[in-house]
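A.B. asks: whatever this is, show me its structure:
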Amino acid sequence: MAYMYTTSKEAWVARLTETMPLTALDHTAPQNYILRCFGFPFCPSPRNLNRHAAIAYLKWRLVRAFSLLPFLEGQIIHGWDGELPRLVYPGNVLPSKLDLFSYEVFDYQVFESSRFPWSFEELSALGVPAETMAKDLFWLLPKTGPAPSDACHPITLRASFIDGGLILGFAFHHGVMDGTGTVDFLNYFATDTYNGIGTLWGCKQNFIAFAAETARTTPVDPRFMPGYDFTPERSPPTLPPAIAKVLTISAPRAAALQAAAQTHLRAAHGPRAFASTTDVLCALTWLHVTRARLLAGRIAPTDTTPLRDSRNLWLRALASSTVGDLVQDISHSGKVTTEQIAEAAWCIRQAVMEMDDPATFRAHLAIAARASSDEDEGIAWPEVGAAVSRAMARHSTGLDASVHIGLGADVEFEIRGVRGGKRKAVWVRRAYVPNDGAMNLLPRIGGTKGEADWQVWLALREEDMRVMEEQGELGAWLSRPAA
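C.D. replies: Numbers count the residues shown, from 1 in each chain. As a prediction, this is how the structure comes out:
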């Protein structure tokens, strides 16, 4: 039976004749899945009618999305030996993959307490600990990959019913869409808001032409571009074992810290100086991580830190001397001060502004486009990600900081059985993949506005996390124990 299924799927993939254009940024993005899950309180009902209705509704929404966005019906093919990934999808004559092998694209599961011991209410009261969000539990993923020669689905959905709750696990292939694209899809899936997802095909086609022109007209030497390390004899660092936790900071406390940082910056850098709450929270986290690593003796006070933020591409701290001074300061001081947080946030803000500069963006795009071109033999597309990992040094002095504040918490789903009917998720989480130095600002209701807590998902070595949680360190800023 397994052989017949494999042959059937391979035959179906071989008949996918349409091609979705992928851009240089798609090719050089991590070839893995963006994993996001949404938690809702869910009401039981006689004969499980609510559950059956929810399952039917979710599958119908996928069918509807695939019919309107047929490229999502296809497969992204991972090539061998540097061959570019490609996205192929069917014309109108082939049966849907939801009819042929739906259990690879959409499934549901009902947890007994022996397999998942927490009710939805208990899980929420605990702060939804990071380690409860196991990748193989709440998401539907390929068993081996993505790996070379794999044919992978652009999107999958798994619905998990726990005691008093429903968890929707969406997996989005990063080589097809970025964070903004995932929100466009979720808005269409939940509310029929066509928005940017409907123009994704055309936007990619136009961007490919722009990237090719940028590569031709923008002279750039990858060896000397900040944020990359293309040293051929150096392999990307092996990350040590780590754990991940969610750090919660209340909105009033975050607002007070941002206001204090703003006061310092305007006194030090002029009346127009600015750092956002996001900048300040990234700075707060980075300084305490650096201090924990200093106390553990793994880095020296003379080290400086490249910062990465995936809101657009790769960002760096412009004033490296300032960053070096900050590391020196926190190595000698008894705690991280508001002034140090403000200065680190100022470095981050300058880096964000640099990425908004068209010349800087074109230089980064030129590297990605050259790596994705068959005509340029200087670097291959898989080397770009490795070069970023080498430069980032997140296992020693760096952090890989992704800002997901606006990525999905405000989407309103309408699922029968969810208490309140049409509603936003109570919480949004990512998968538990604890790579040392990985950091996310999790999706937040209201985005950067409103009274919802700010939550930082952070992975560190266990001993560093222990220092971070101490009351005199980052723990002093938390509104509840790290979970």
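A.B. asks: Ser119: neighbour count?
C.D. replies: The burial metric for Ser119, expressed as a neighbour count using other CB atoms under 10 Å, is 14. Where you see a C-beta, it was placed from the backbone N, CA and C, and this is true even at glycine.
A.B. asks: go on, the one 3 residues further on?
C.D. replies: Here the count is done by other CB under 10 Å, and Glu122 has 13 residues near it.
A.B. asks: ok but it is inside a helix, no?
C.D. replies: Yes - the assignment for Glu122 is a helix, going by DSSP: H, G, I helix; E, B strand; the rest coil.
A.B. asks: quick one: it from Met133, how far?
C.D. replies: Plainly put, Glu122 is 15 Å away from Met133 if you go by CB to CB, to the nearest Å.
A.B. asks: do Glu339 as well
C.D. replies: Relative to Met133, Glu339 is positioned 36 Å away (CB to CB).
A.B. asks: those two: who's more crowded?
C.D. replies: The residue with the greater number of neighbours, taking Glu339 and Met133 and applying other CB under 10 Å, is Met133; the counts read 24 against 16.
A.B. asks: helices of the stretch 351-483 of the chain, residue ranges please.
C.D. replies: Across the stretch 351-483 of the chain, reading from the start of the chain, the helices by DSSP state H, counting those that start in this stretch fall at 358-371, 381-392, 462-469.
A.B. asks: same for the shortest one, what does it pack against?
C.D. replies: Which is helix 462-469. Identification of packing neighbours for helix 462-469 by 3 or more CB pairs under 8 Å, 6 or more residues apart in numbering; DSSP states H and E yields strand 243-249, helix 277-295, strand 454-460.
A.B. asks: now do the longest one, average pLDDT.
C.D. replies: Right, the one you point to is helix 277-295. Across helix 277-295, pLDDT averages out at 88.
A.B. asks: where along the stretch 1-150 of the chain do the strands fall?
C.D. replies: Listed in chain order, the strands found in the stretch 1-150 of the chain under DSSP state E, counting those that start in this stretch are 18-20, 33-41, 75-77, 86-89, 106-110.
A.B. asks: Gly297: neighbour count?
C.D. replies: When counting by other CB under 10 Å, one arrives at 7 neighbours for Gly297.
A.B. asks: now name the helix or strand holding it.
C.D. replies: Remark: Gly297 resides in no helix or strand, with elements defined by DSSP states H and E.
A.B. asks: which positions in stretch 98-106 come out as buried?
C.D. replies: For stretch 98-106, the buried set under the neighbour-count rule, 16 or more other CB atoms under 10 Å, comprises Leu98, Glu104, Val105, Phe106.
A.B. asks: typo on my end, stretch 21-41
C.D. replies: Of the residues in stretch 21-41, those scored as buried under the neighbour-count criterion (16+ other CB under 10 Å) are 21-29, 31, 33-41.
A.B. asks: how is the protein carved up into domains?
C.D. replies: 2-224, 243-405+437-477 (automatic domain parsing).
A.B. asks: can you measure across stretch 266-285, start residue to end residue?
C.D. replies: Start-to-end span of stretch 266-285 (CA to CA, to the nearest Å) is 22 Å.
A.B. asks: any residues touching that stretch, and which ones?
C.D. replies: Contacts of stretch 266-285 from elsewhere in the structure, counted by CB atoms under 8 Å, 6 or more residues apart in numbering, are 247, 249, 254-255, 257-258, 261-262, 265, 307, 309, 336, 341-349, 352, 399, 401, 403, 405, 439, 441, 448, 454, 456, 458, 474, 477.
A.B. asks: just the buried residues from the residues you listed, in PyMOL please.
C.D. replies: With 16+ other CB under 10 Å as the burial test, the buried ones among the contacts of stretch 266-285 are selected in PyMOL as follows:
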select buried, resi 247+249+254+257+258+261+262+265+307+309+336+341+342+343+344+345+346+347+348+349+352+399+401+403+405+439+441+454+456+458+474+477
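A.B. asks: the contacts of stretch 266-285 in strands, which ones?
C.D. replies: Of the positions in the contacts of stretch 266-285, Leu247, Ile249, Leu307, Asp309, Leu399, Ala401, Val403, Met439, Leu441, Trp454, Val456, Leu458 sit in strands, assigned by DSSP state E.
A.B. asks: tell me which of the strands of the stretch 1-150 of the chain sits nearest to Ile367.
C.D. replies: Distance to Ile367, taken as CB to CB, is lowest for strand 86-89 among those, at 20.9 Å.
A.B. asks: that closest one - what's its average pLDDT?
C.D. replies: Strand 86-89 comes out at a mean pLDDT of 86.
A.B. asks: one more: stretch 467-474?
C.D. replies: Summarised as a single mean, pLDDT over stretch 467-474 is 80.
A.B. asks: what about that stretch, start to end distance?
C.D. replies: Its first and final residues considered, stretch 467-474 spans 8 Å by CA to CA.
A.B. asks: stretch 456-464 too?
C.D. replies: Rule used - CA to CA; the end-to-end distance of stretch 456-464 is 16 Å.
A.B. asks: who are the neighbours in contact with Ile162?
C.D. replies: Contacts for Ile162 (CB under 8 Å, 6+ apart) come out as Phe111, Phe116, Trp118, Ser119, Phe120, Leu123.
A.B. asks: ok, now how distant is the second one from Val110?
C.D. replies: Translated: Phe116. Phe116 sits 10 Å away from Val110, taking CB to CB as the criterion.
A.B. asks: higher neighbour count, those two?
C.D. replies: With other CB under 10 Å as the criterion, Phe116 and Val110 differ in neighbour count, and Phe116 comes out ahead with 21 against 13.
A.B. asks: roughly how far does that one sit from Ile162?
C.D. replies: Phe116 sits 5 Å away from Ile162, taking CB to CB as the criterion.
A.B. asks: ok so, going back, the buried residues of stretch 98-106: which two are farthest apart?
C.D. replies: Among these, Leu98 and Glu104 lie farthest apart (CB to CB), at 9.5 Å.
A.B. asks: any weak-confidence spans in the stretch 301-450 of the chain?
C.D. replies: Per-residue confidence for the stretch 301-450 of the chain (pLDDT under 70) gives these ranges: 301-334, 374-378, 392-397, 421-422.
A.B. asks: switch to 90 and redo it
C.D. replies: 301-337, 340, 343-344, 346-403, 405-407, 414, 416-423, 433-439, 447-448, 450 (pLDDT under 90).
A.B. asks: Arg423 is in contact with Glu412, isn't it?
C.D. replies: Yes - checked against CB atoms under 8 Å, the pair Arg423 and Glu412 is within contact range at 6.2 Å.
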